[in-house]
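Chemist: please find the sequence and the predicted model below.
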Amino acid sequence: ASKRTSCPRFKKHLYNTLKSAWDEVIALNRNKRPKNLWLPVGSGTLTSVFVKFLDPHIKVNCVDVRVLDSKDERIQKIQTYPNCKLWRTDEKFHEKVLRAPKIPSNEHYDAKLWQFIQQYAEDGDIWWNVAK
């Protein structure tokens, strides 16, 4: 992992920021808990922080956007988290997404989740669009 994303202080601040934002999203949705969360995966840091505070009934759909090799230990670790499912894009990270959503999202990162969301998401799912 990069020094920044493996730094305990960085992860602590990321945890606090994500938890606060998550609580706000839940409050805006009248405290209705989603069944599924969709996350982009570059290094796995975002997933590793989310799983620390999410309710265990929430399924986390992690879409590997192919920043790292699928055999990288950080990608493999995602498969050990309870309630996480790992998906993988066909496009490599440097390739633009083939089917872009009609909302702002990074064509090399978040937008690559769109194909999975269109096919598998349920009403009320949350897509954590982080890159735009």
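Modeler: Nice, I can see it. Residues are numbered from 1 along each chain as shown.
Chemist: so which residue of this protein lies furthest out from the middle?
Modeler: No residue in the chain has its C-alpha farther from the mean C-alpha position than residue 30, which lies at 22.5 Å (CA atoms, centre = their mean).
Chemist: lowest confidence element among the helices and strands of this protein?
Modeler: Least confident helix or strand of the chain, by mean pLDDT, DSSP states H and E, is helix 3-6 with a mean of 59.
Chemist: next SSE downstream of that helix?
Modeler: Next along the chain after helix 3-6, taking DSSP states H and E as the criterion, comes helix 8-28.
Chemist: about what we covered before: so what pLDDT did the residue farthest from the centre of the chain get?
Modeler: Listed pLDDT for residue 30 reads 86.
Chemist: equivalent analysis for residue 111, please.
Modeler: 96.
Chemist: do you know how far it is from residue 99?
Modeler: Counting by CB to CB, to the nearest Å, the separation of residue 111 from residue 99 is 8 Å. Bear in mind the C-beta positions are built from the backbone N, C-alpha and C, glycine included.
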